[in-house]
Each structure stands twice: as structure tokens, then as C-alpha cells.
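Novice: structure for the following, please:
(one chain, ligands or ions: 1)
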Amino acid sequence: MNAVEWNRDLTQDLSAIRDREKNLTDKPDRGLGVVSFPEMRKGNIGMCVATQIARFVKPDSKIPGWHSQAQAWAQTQAQIAWYKAMEEAGEMVQITNLTSLHQHLTLWRNAESTENLPIGYILSLEGADSFISLKNLEIAYNYGLRAIGPAHYGPGVYAYGTDSDQPLSQKGKDLLAEMDRYNMILDATHLCDSAFWDAMEIYQGPVWASHNLARKVTPHNRQYSDEMILELIGRKAVIGMAFDAWMMIPGWVRGKSTPQNTGLVIEHIAEHIDHICQLAGNASYVGIGSDLDGAFGKEQAPGDMDSIADLQSITGILSRRGYSEQDIEQIMWKNWVDFLDRSWA
Ligand SMILES: [Zn+2]
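Specialist: Numbering: from 1, shown residues only. Model prediction:
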């Protein structure tokens, strides 16, 4: 989305990306982005979940989106074309199975410098509206898609998402059945409560939540209730922490709140991490999701987050809170790898 819709060349330094946007006003985060490949490498982020995203909306929808599923599909095809171009350029490498996962881990762990290494990515689809039919799922699997979140915001073709609520439709159930056949990872992020519980009842395959926080800390339907978290823990899911300001603390008012006037800092994420780890009784089901590639920048991120590399400060935050070295390692990266080891075995 950053590359194709926001027109950002993520291979550039952050300062160059920001500079290029200094006269643009079309999006709230112009000149304020926090992600670039060099910053990811600086933050020792060797692997990420990379998304395809394109929503379909009906006439009079309050949320923006494409006017047909075919246009949404075309948008996701632009996004995969960019990822493939990044692979050609040696900037990224796609991870689709245990062989490519462990090859990549070995490459990063043994390298003297990570400055020029490709960033590994697991391809995910956020909101499945762009699938015109289930045939598109097969096409997508073949170009490397490994995770699907059926919903995003509002009413979706296959499932309702954040700020809406509807049980899973037959179309949604058919999508899950097809995902099961391919052993796709179900991304439970953004599913509305009814669709979440319907999906948990019927889905047999692996489930993760790429970017989601705890409702107990930030009361909003976007976050998970304790019951939902316990269900995910029971399924050995990993819940990826998100750094979108309004999700991290209660009472954020769009257009009024700022990281400065709310005092929001990275450390606030520890409230969500603590809560989930308390429910689990261990640190095995929390990871870093970030969400920092998603339509916001410094204006809507913790005040001490200048770039994605600052995620490394979580290590010190957790250590000061009494997390063991092993817990911290699990949360920072290992839980995701263990999840993939289980899911792709
Ligand atoms: Zn999202």
C-alpha cells in the first residue's frame, strides 16, 4: 500500500521519502512515514508480514474503496507486482515454506552485517474483497499468498469487519473452507465479533492475528475481549502488537489527540503485552505486529517512535518490567517462527 497507493519508494532512506512528500497534502501522514527498508534493517527486522489490500464498497459507503471487485483485484495485482520487483532487486525475499523460512533465518543470524540483506516477507491479504471468486485464491496461493484476513473495516464481501457486526455469510464460510484446503493462515485481525466466533467454530487451519490489541486496555470493538484472546491462545495463535495510537490507549480523539498531548509512548504497548501474557500464563502468544505500514505515520504513533527501528526499544522496556531474556526473545521474533514451524510442518 505504501509503495503503490502512497507512492513511496521504500528502498530509499526515510529522510529522502519524507523530503519527497514535503509539498503533498493528500494524506494525513505525508512527510511523516516511519517505514523504509534501510530503517527495517537498522532495526534488525529481517522478516515481516507484507500485505495486499484493496476494499470493495457499495454506493453511498462512508468508507473509501473500489467500486468493483475487479478493480480491487487489479489493485492487489499491482501490489504483488511491486513485491516481485523488490525480489528481483534483491531487496526482499518471499517466504512460503519451512525451507525458505529457515534458509532466511540462517542468512540473517550468520551475517556480519545485515545492511544489504533482503528482507523476508510472508504475503498476506488484508480483507478478501478482491477475490472475485474462489478461483482468485488459487491464483494467489500460486504467487505466494499464505495468510488471509477475510475482513477489514465495515461490511466486506466475505466477512464484516471493524465497526460493524454480522455473522459469517455462506460466502465467508466457503472462503474459509477453501483456505482450509490450502492450509492458509487465517488472520483473525479485523473480524467483527460475530464473524470471529463463527470462524473459530469452523476453521481447522492455523490462526494468527497479525495486528490486534486488548479490549481490556483499550475498550473498542477493534480490539479483542478476554474471551477472544483465550480462544486464540487455546489455538496457539500469535497476536501481533499494533502501534496505531488510537488502538494503544483509551480516549484517543481523531483530529484532536496527538502523541504529545496524550503522552503516548512505545512503553504503553507493555500494558497490552502484560495483559495477554497474564491470560496465557506465559509469553508464547504475543508478537510484534507493528501495523506501521498502514496509512498513518508519526502523527498517529507513539511520540518516541521516529522510525520502525525504534521497535527495538521494546526489549529494554520488557526487561525493566521483569520479563526474562527468553520471554523477550519469544515476543520480539521467536513466537512467529515457532508458529510457522507448527503451521507449515
Ligand atoms: Zn489493519
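Novice: report the longest strand in this structure, please.
Specialist: Secondary structure of the chain per DSSP state E: the longest strand is strand 119-126.
Novice: for the helix or strand following it, buried residues please.
Specialist: Once the chain leaves strand 119-126, the next helix or strand it forms, by DSSP states H and E, is helix 135-142. The neighbour-count check on helix 135-142 (16 or more other CB atoms under 10 Å) flags 136, 137, 140, 141 as buried. Any C-beta I mention is one placed from the backbone N, CA and C, and that applies to glycine too.
Novice: how much space between the first one and residue 52?
Specialist: The one in question is residue 136. Distance, residue 136 to residue 52, by CB to CB, to the nearest Å: 11 Å.
Novice: what's the overlap in contacts for these two?
Specialist: residue 130 (CB atoms under 8 Å, 6 or more residues apart in numbering).
Novice: where along the stretch 1-150 of the chain do the helices fall?
Specialist: Listed in chain order, the helices of the stretch 1-150 of the chain (DSSP state H, counting those that start in this stretch) span 14-20, 37-42, 69-88, 98-110, 135-142.
Novice: give me the distance from the last one to the chain's centre.
Specialist: Read it as helix 135-142. Centre-to-centre, helix 135-142 and its host chain are 21 Å apart (CA atoms, centre = their mean, to the nearest Å).
Novice: same check, this time on the shortest one
Specialist: Centre-to-centre, helix 37-42 and its host chain are 17 Å apart (CA atoms, centre = their mean).
Novice: residues making contact with that helix?
Specialist: 10-14, 48, 91-92, 114-115, 117, 119, 307-309.
Novice: hmm, which of those residues are the buried ones?
Specialist: The buried subset of those - by 16+ other CB under 10 Å - is 10, 14, 48, 91, 92, 114, 117, 119, 307, 308, 309.
Novice: does residue 240 touch residue 209 like I think?
Specialist: Yes: at 6.4 Å, residue 240 counts as touching residue 209 under the criterion of CB atoms under 8 Å.
Novice: what do the two both touch?
Specialist: 189, 289.
Novice: the more surrounded of the two?
Specialist: residue 209 (27 against 22; other CB atoms under 10 Å).
Novice: and the residue nearest to residue 280 when sequence neighbours are not counted, how many neighbours?
Specialist: Of all residues not flanking residue 280 in the chain, residue 233 sits nearest, at 4.8 Å (CB to CB, 6 or more residues apart in numbering). By the criterion of other CB under 10 Å, residue 233 has 20 neighbours.
Novice: so who does residue 233 touch?
Specialist: So residue 233 contacts 276, 279, 280, 285 (CB under 8 Å, 6+ apart).
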